[in-house]
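With the input below, show me the fold.
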Amino acid sequence: MDLGNPAAEGELHITGAIVGGDGTSFNLEGEVGKYGRVFATMHLTSGDSERNSGTLEGDARTFMEDGNLISATFAGSWRRSQGELSLFFVDNCSNGDQNFVISQVDLIDKLMTVKVYSTL
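Numbering: from 1, shown residues only. Sure, this is the predicted structure:
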């Protein structure tokens, strides 16, 4: 896997959040390179009492320009520094792609930058 050359990049906007006692869920939407329009929901669970790190899991759907749909599940970990999150996760896509994803989330601007690295 070449971590210097992402297979896809893009930005997702946080369109909604649900805050609960066991964690926070985000709804996301945006364009991510070859995957087209992405809609995702992720749930972050805190691993410490300060809520500075933990695990995440979620589901995504992508709509390609050719009309095809790809679904994906993903899981990984996160850490927080003030109003920013760093996310690291792997996803398993219905088209056979398996990716490692690195994301930065600006909670104030409600924007996630995404870099997707392919295992192929």
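
Pull up the pairing partners for the helix or strand Gly30 falls within, direction included.
Gly30 belongs to strand 23-32 when assigned by DSSP states H and E. The strands that strand 23-32 pairs with in its sheet are strand 8-20 (antiparallel), strand 37-46 (antiparallel) (by DSSP bridges).

Which one, of these, ends up nearest to Gly30?
strand 8-20 (3.7 Å; Cβ to Cβ). Every C-beta, even on glycine, is put in place using the N, C-alpha and C of the backbone.

Counting neighbours, which bits of that closest one end up buried?
Neighbour-count burial for strand 8-20 flags 8, 10, 12, 14 (criterion: 16 or more other Cβ atoms under 10 Å).

go on, stretch 100-108?
Those buried within stretch 100-108 under the rule 16+ other Cβ under 10 Å are 100-103, 105, 107.

May I have the beta-bridge partners of the residue nearest the centre of the chain?
Among the residues of the chain, the one closest to the centroid is Ser103, at 6.4 Å (Cα atoms, centre = their mean). As for beta bridges, Ser103 partners with Leu87, Val114 under DSSP bridges.

show me the contacts for it.
85-89, 112-115 (Cβ atoms under 8 Å, 6 or more residues apart in numbering).

Would you mind checking the average pLDDT for the strand holding Gly30?
On average, the pLDDT along strand 23-32 is 97.

Give the buried residues for that strand.
Under the neighbour-count criterion of 16+ other Cβ under 10 Å, strand 23-32 has 23-28, 30, 32 buried.

Could you do stretch 78-85 as well?
Buried residues in stretch 78-85, counting neighbours by 16+ other Cβ under 10 Å, are found at 78, 80, 85.

Now flag whichever of the residues you listed is closest to Arg37.
Of all those, Arg37 sits closest to Leu85, with 22.5 Å by Cβ to Cβ.

what secondary structure does the closest one sit in?
The local conformation at Leu85, judged by DSSP: H, G, I helix; E, B strand; the rest coil, is strand.

And the residue nearest to it when sequence neighbours are not counted, which helix or strand is it part of?
Nearest non-adjacent residue to Leu85, counting by Cβ to Cβ, 6 or more residues apart in numbering: Val105, 4.0 Å away. Using DSSP H and E, Val105 maps to strand 98-106.
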